[in-house]
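**Q** Requesting a structural model of the entry that follows:
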Amino acid sequence: MIKPAQSIILNSILVLVSTLIFIMPVTAQSVSISGHATDRPNQLVRVIVYADQFSHLEKTIATTQTDEQGAFNISFDYSEINYALLAINLDKGEFYLKPGASYYFEVYPDTSSRQKSYFDKQPLSFDLKADDEQLNESIERFNTMFNTFVLQEFNSIYKSRSLKAVRDFEAYVTNEFGDHQMTYFEDYINYKIASIKWLSKKRSSQQIIQNYYQNKPLLFNNIEYTGFFNELFENYPSNYTHLMPYSELVMAVNDKNSYANFDAILARDSLLSDNQQLRELVAMLSLSRYYYVNDFRRDQVVKVIRQLERNSPFTENRLVAANFLEKLSRNSYGNPATPFELADAQGYNRSLEQYKGKFVLLNFVRTDCKLCFEYLPLLNEMKENQHGKLQVLTLAVDDADQRFNTYNRNRNFDWPVLQVDGQILLLESYDIRTYPSFVIVNPDGSIAMSPAPMPEENLEFFLNRFIQKYENEHQ
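**A** Residues are numbered from 1 along each chain as shown. So this is what the prediction gives:
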C-alpha cells in the first residue's frame, strides 16, 4: 500500500514528468520541397507559416529562388503539422506542412500582370504531389465535400435550423475518413463541422463553447480550431453587455490601463471564469479588435496586451501576445519605417535614411494604374505647399520607372522615381495592396501614417495634421 507521504511524492514526480514531456521540443524532421514555375525565372520562393494561429503573424521559415527555367528546391527541418503558404515573390498558395514529408509543386502560369490590384489577385495556383500520409489530399477532399454540403443544404441549415442534415454529413465523413489516424486531421474536421452547428443557431454560443472550448485542449496549431475560435469570440464582449458593459471595457483600457481589470470583466462569464488560459486568448482577440476602434486609445491597448506578454503564466499565451503586439505595431504611428535603398533613373541609389529631417511621402505606383499618373500633379502641388518640408518619393513596380520618370520630367516635377523590383518584399513590409498607395514618414524615420488616404480623400489635410503634431512633440 502506498503511504500518504509516498503518494504526495509520486504525484509530484508525475506532474514533473508531465511538465518535462510538455516543454521538451518535439524532434524536428527534414522536409523537402521542390517544384517548377515555367514563367517565373529567378524569383524569390518562400515557405511561410503563422507564428501562431491566433494572431496570424506570418513568419518565413525557408527561402530559395527559382532558376532560369523556373525550377526550385529547398529542404529544412520542421517539428509539427502546420498550415503553410508557398510564396513566389508576393503570390501565395496554401498547403499543409508535415514533418518528414516531401512535396512537389507544379505552379500554374502567373496572371498577376492582368490584375489591377492586390484585391484582384488570385492565390498562387498549383498542382501538388505530396508524400505526407495523404494529409493534403485528405484535407482537400474533405473541404470539397464540406463546401458541396453547405451549398446543397443551405436552406435546411441556415433557414430551417435543422441539424439532421449536419448529423447525416458527420456520419458520411466518419465513413469516408474513419480509418484516418492523424489527430490533426480529426480535429480539423471536428471544428469545421462545429462552425456549421454554430451558424445554424441550433446550438447557442454558450453550448458551442461548452462542447468545444471549455476544459478542452487548446489546439494552438490547428487552423480550423483557431479559425472557428476567432469567429466565435470575435465580438464576444459585445454580445454580453449585461455582463460586460462596453463603457467598463473602455475604462479598463483607457483609464485604468489594467489587464487585471479587463480580465475581471471577462471572468463574469461563467464559461470563462474557471479557464484562465482560454480567457486570456479571448482577451487578446478582443483587444486586437479594439485597437482599431476609436473609443479605445491605441497606446493603452498596446500597454494592456504587453502586460499579458510579460505576466501570463502560460508560455504559449505570452508568445501569442508578443505576436499580436508585433502585428499591431507594424506600420503604426511612431514605429520605424522599413528602410530601403533603391536605384533612381540615373542608376544612383537613394535610401530613406538620406531624407531624414524632412517628411517623406512614399507613393507606390505601377504602369497599368491610370490614377497613379493623374495624382502626380496633386502630389507636386502638396510638395510646393510645404516649402521644403516635404520630400516625395515615387516607388515603381513592374518596370514602371521609365514611364513615370518621363511623365515627371515633361512637367518639371523634381522628385526621384525609384525602381522596387530588386526589393520585392518592401511591398509586403509596407502592406501595399493596391495602387497607388501612400505612406507618410516622419522626419525621424518613423511612420506617421500607413496607409495614408488618397489625395481626394484629404491626404493633404492628414499630412498637415501630422506635420503639426510632430512639430509640437519636438519643440
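
**Q** where does the protein have low pLDDT?
**A** In the predicted model, the chain carries pLDDT under 70 at residues 1-26, 111-122, 160, 202.

**Q** Work out which residue lies at the spatial centre of it.
**A** Note on the chain: the residue nearest the mean C-alpha position is His56, at 3.8 Å, using C-alpha atoms, centre = their mean.

**Q** Mind telling me what element the nearest residue to Arg306 once chain neighbours are set aside is part of?
**A** Nearest residue to Arg306 in three dimensions, chain neighbours excluded: Leu325, at 6.3 Å (C-beta to C-beta, 6 or more residues apart in numbering). Glycine gets a C-beta too; all of them are placed from N, C-alpha and C. Element membership for Leu325, per DSSP states H and E: helix 315-329.

**Q** and the nearest residue to Asn442 once chain neighbours are set aside, what does it touch?
**A** Nearest residue to Asn442, sequence neighbours excluded (C-beta to C-beta, 6+ apart): Ala448, at 4.8 Å. Contact analysis of Ala448 by C-beta atoms under 8 Å, 6 or more residues apart in numbering lists Tyr333, Phe359, Ile440, Val441, Asn442, Phe466, Tyr470.

**Q** gap between Ala448 and Ile467?
**A** 9 Å (C-beta to C-beta, to the nearest Å).

**Q** Quickly list what's touching both of the two.
**A** Phe359.

**Q** Now do the SS call for Ala130.
**A** Following DSSP: H, G, I helix; E, B strand; the rest coil, we place Ala130 in the strand state.

**Q** Equivalent analysis for Glu224, please.
**A** helix.

**Q** next one: the one 5 residues further on
**A** For Phe229, the assignment made with three-state DSSP gives helix.

**Q** ok, it - contacts?
**A** Phe54, Tyr213, Leu281, Leu285.

**Q** just to revisit the earlier point, for the contacts of Ala448, which single residue is the most surrounded?
**A** Within these, Val441 tops the neighbour count with 26 neighbours, counted by other C-beta atoms under 10 Å.

**Q** surely Asp132 meets Ala101?
**A** Yes: the criterion here is C-beta atoms under 8 Å, and Asp132 meets it with Ala101 at 3.6 Å.

**Q** now Ser32: how far from Asn410?
**A** For Ser32 relative to Asn410 (C-beta to C-beta), the value is 53 Å.

**Q** ugh, wrong one, I meant Asn385
**A** 22 Å.

**Q** Name the residue in the two with the higher neighbour count.
**A** Between Asn385 and Asn410, Asn385 has the larger neighbour count (other C-beta under 10 Å), namely 12 against 8.

**Q** quick one on the thing from earlier: need the three-state assignment for the residue nearest to Asn442.
**A** Quick answer, by three-state DSSP: Ala448 is strand.

**Q** what's the burial count for the residue nearest to Glu68 when sequence neighbours are not counted?
**A** Residue nearest to Glu68 in three dimensions, not counting chain neighbours: Pro41, with 5.1 Å by C-beta to C-beta, 6+ apart. Using other C-beta under 10 Å, Pro41 has 13 other residues around it.

**Q** How about the secondary structure of Pro41?
**A** Pro41 ends up coil, using three-state DSSP.

**Q** how about it, what does it touch?
**A** Neighbouring residues of Pro41 by C-beta under 8 Å, 6+ apart: Thr66, Asp67, Glu68, Gln69, Gly70.

**Q** Show me the one in those that has more neighbours than the rest.
**A** Thr66 (23 neighbours).

**Q** Was I right to think it contacts Phe72?
**A** Yes: with contact defined as C-beta under 8 Å, Thr66 counts as touching Phe72 (4.8 Å).

**Q** Give me the common contacts of those two.
**A** Ala37, Val45.

**Q** dump the residue contacts of the residue nearest to Arg306.
**A** So Leu325 contacts Val302, Ile305, Arg306, Glu309 (C-beta under 8 Å, 6+ apart).

**Q** still on that earlier bit, who touches the residue nearest to the centre of the chain in this structure?
**A** Going by C-beta under 8 Å, 6+ apart, the list of residues near His56 reads Tyr50, Lys327.

**Q** can we see that at 10 Å?
**A** Tyr50, Tyr83, Ile223, Thr226, Gly227, Asn230, Asn323, Phe324, Lys327 (C-beta atoms under 10 Å, 6 or more residues apart in numbering).

**Q** what is the first one paired to in the beta sheet?
**A** The reference is to Tyr50. On the basis of DSSP bridges, Tyr50 is bridged to Glu58.

**Q** Check the contact between it and Glu80; I expect there is one.
**A** No: in this structure Tyr50 lies outside contact range of Glu80 using C-beta atoms under 10 Å: 12.0 Å.

**Q** Touching both of the two, which residues are there?
**A** Asn221.

**Q** Glu471: neighbouring residues, count only.
**A** 11.

**Q** Is it located within a helix, as I assumed?
**A** Yes: assessed by three-state DSSP, Glu471 belongs to a helix.

**Q** Quickly note the distance from it to Leu463.
**A** Glu471 is 13 Å from Leu463, by C-beta to C-beta.

**Q** One more: Ser332?
**A** 17 Å.

**Q** Look at those two and report which has more neighbours.
**A** The neighbour comparison of Ser332 against Leu463 (other C-beta under 10 Å) goes to Leu463, with 23 against 16.

**Q** Is the more buried one within a helix or a strand, and which one?
**A** Counting by DSSP H and E, Leu463 is part of helix 459-473.

**Q** Tabulate the contacts of Phe229 in JSON lines, adding columns for secondary structure, neighbour count and distance to Val150.
**A** Converted to JSON lines, these look like this (DSSP: H, G, I helix; E, B strand; the rest coil; neighbours: other C-beta atoms under 10 Å; distance: C-beta to C-beta, whole Å):
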{"residue": "Phe54", "secondary structure": "coil", "neighbour count": "25", "distance to Val150": "25"}
{"residue": "Tyr213", "secondary structure": "coil", "neighbour count": "24", "distance to Val150": "22"}
{"residue": "Leu281", "secondary structure": "helix", "neighbour count": "27", "distance to Val150": "27"}
{"residue": "Leu285", "secondary structure": "helix", "neighbour count": "22", "distance to Val150": "25"}
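
**Q** buried set for the helix holding Leu463?
**A** Leu459, Phe462, Leu463, Phe466, Ile467 (16 or more other C-beta atoms under 10 Å).

**Q** next one: stretch 325-344
**A** Applying 16+ other C-beta under 10 Å to stretch 325-344 flags 325, 327-329, 331-333, 337-338, 340, 342-344 as buried.

**Q** circling back to that earlier point, can you check which residues contact both of Glu471 and Leu463?
**A** Lys389.

**Q** Show me the helices in the stretch 51-200 of the chain, by range?
**A** Remark: helices assigned in the stretch 51-200 of the chain by DSSP state H, counting those that start in this stretch are 135-152, 154, 164-177, 183-199.

**Q** next structured bit after the helix holding Leu325?
**A** Next along from helix 315-329, by DSSP H and E: strand 341-343.

**Q** Parallel or antiparallel, which strands does that next one pair with?
**A** Sheet pairing for strand 341-343, assigned by DSSP bridges, gives strand 349-351 (antiparallel).
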